[in-house]
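K.L.:
have a look; sequence and predicted model below, questions after that.
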Amino acid sequence: MYKFKPILKSTIWGGEKIVPYKQIASDQKQVGESWELSGVKGNESVVAEGPEAGTTLPQLIARHGAALLGKANFERFGEEFPLLIKFIDAQQDLSIQVHPNDELAEQRHHSKGKTEMWYVVDTAEGAHLRSGFSKQVTPEEYAASVEDNTITDILADYAIRPGDVFFLPAGRVHSIGAGAFIAEIQQTSDITYRIYDFNRRDANGNTRELHTELAKEAIDYTVLPDYRTKYEQVQDRETELVSCPYFTTSLCDLTAPLTLDYAALYDLTQARTIDLSSLDSFLVVICMGGHATLSTDGGDPMPVHQGETVLVPASARTLRIEPEGGAKFLTSCIR
């Protein structure tokens, strides 16, 4: 198992929640993002402790291959880690944007597209998110709304609370609003089309570049009645939140043994052993609350606390979680 050094990014819109949430010592201010697990070039995660401390995530994959990623994942992605895991704390509204799908991203940028999901960790008063169109519009009407500063009038805007989930397939227009503190799971891709930035200017009086025309072809103009993922949590049962080719996520509040079939959120009050023998994938374990000890077959126990992320290699056959008075986990893998 591996812990990584968080990559903290200060932004003009960042808040002050990430550092205390992760319980780390840092004087860094306005931390808008913590990249928990990243293979993105120039932002590679580095192992924080243990015999391989100082090793980057791409170096780990080159060294261990399928034993780390899983056979199918290694054949599919090679030495690229397929997921990017972040915490995001927005003190101001972020830009309205969209991501292309795999086909368009490959055609234009020789890159993968970006499908992602948000899990709301915490909220300030008035916190909100935007996801999808609130009414049917044409590509021309979309472009006109950017030009005349009315695009927020045609987007679905949600007041949010902790535990809310939003699935954002490539092509869905979205933005993170002020007061939102979220965990984000996404495809590893850096392709973003910025649609609208509220006419904000930097210290030199310049506005940020917009990609109105590029976005026009990337946008999915389908209108849904509700873009928020609805779920009802049932004790000791998996509640599927998101299932897509890039990740599957479920919510679990457990008091009895459960065999892991895909990504899940665990809210534990007693020790749990998770059977990974049928899973041909790495497992990302994010401690969302409390303290616990993780151990795999043949491995040394690893203490974890709120805000820490652990990568469990595909070679692990079991994962035992021993909470200290209760702990909550978000786990993610690729089926």
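P.N.:
Structure received.

K.L.:
distance of F247 from W13?
P.N.:
26 Å (C-beta to C-beta, to the nearest Å). Where you see a C-beta, it was placed from the backbone N, CA and C, and this is true even at glycine.

K.L.:
got it, and I176?
P.N.:
Taking C-beta to C-beta, one finds I176 at 9 Å from W13.

K.L.:
which one's more surrounded, those two?
P.N.:
Neighbour count, other C-beta atoms under 10 Å: between I176 and W13, I176 has more, with 28 against 18.

K.L.:
isn't that one right up against I88?
P.N.:
Yes: the criterion here is C-beta atoms under 8 Å, and I176 meets it with I88 at 6.1 Å.

K.L.:
got the domain ranges for this protein?
P.N.:
2-218, 239-332 (automatic domain parsing).

K.L.:
D197 contacts R208, correct?
P.N.:
Yes: contact between D197 and R208 holds when scored by C-beta under 8 Å: they sit 4.9 Å apart.

K.L.:
for these two, list the residues in contact with both.
P.N.:
S95 (C-beta atoms under 8 Å, 6 or more residues apart in numbering).

K.L.:
show me where the stretch 51-200 of the chain has strands.
P.N.:
In the stretch 51-200 of the chain, the segments counted as strands under DSSP state E, counting those that start in this stretch are 83-89, 96-98, 116-123, 128-133, 155-159, 165-168, 174-176, 180-187, 193-196.

K.L.:
dump the ones you listed into JSON lines; add mean pLDDT and distance to Q107 as well.
P.N.:
Converted to JSON lines, the strands of the stretch 51-200 of the chain look like this (pLDDT from 0 to 100; distance: least, C-beta to C-beta, whole Å):
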{"stretch": "strand 83-89", "mean pLDDT": "97", "distance to Q107": "22"}
{"stretch": "strand 96-98", "mean pLDDT": "98", "distance to Q107": "16"}
{"stretch": "strand 116-123", "mean pLDDT": "96", "distance to Q107": "20"}
{"stretch": "strand 128-133", "mean pLDDT": "98", "distance to Q107": "24"}
{"stretch": "strand 155-159", "mean pLDDT": "98", "distance to Q107": "26"}
{"stretch": "strand 165-168", "mean pLDDT": "97", "distance to Q107": "21"}
{"stretch": "strand 174-176", "mean pLDDT": "98", "distance to Q107": "22"}
{"stretch": "strand 180-187", "mean pLDDT": "97", "distance to Q107": "16"}
{"stretch": "strand 193-196", "mean pLDDT": "97", "distance to Q107": "14"}
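
K.L.:
nearest to D300, of the ones you listed?
P.N.:
strand 83-89 (23.1 Å; C-beta to C-beta).

K.L.:
what is the end-to-end distance of stretch 166-177?
P.N.:
Using C-alpha to C-alpha, to the nearest Å, one end of stretch 166-177 lies 13 Å from the other.

K.L.:
list the buried ones in it?
P.N.:
Going by neighbour count (16 or more other C-beta atoms under 10 Å), the buried part of stretch 166-177 is 166-177.

K.L.:
so what's the gap between it and the chain middle?
P.N.:
Offset of stretch 166-177 from its chain centre (C-alpha atoms, centre = their mean, to the nearest Å): 12 Å.

K.L.:
cool, and stretch 47-61?
P.N.:
Worked out by C-alpha atoms, centre = their mean, stretch 47-61 lies 21 Å from the chain centre.

K.L.:
same question for stretch 285-304.
P.N.:
20 Å.

K.L.:
same check, this time on stretch 55-68
P.N.:
21 Å.

K.L.:
any idea which helix or strand comes after the helix or strand containing D267?
P.N.:
Here D267 sits within strand 263-268, counting by DSSP states H and E. Past strand 263-268, further along toward the C-terminus, the next helix or strand under DSSP H and E is strand 272-275.

K.L.:
circling back: can you tell me which of the buried residues of stretch 166-177 is nearest K114?
P.N.:
A170 (5.8 Å).
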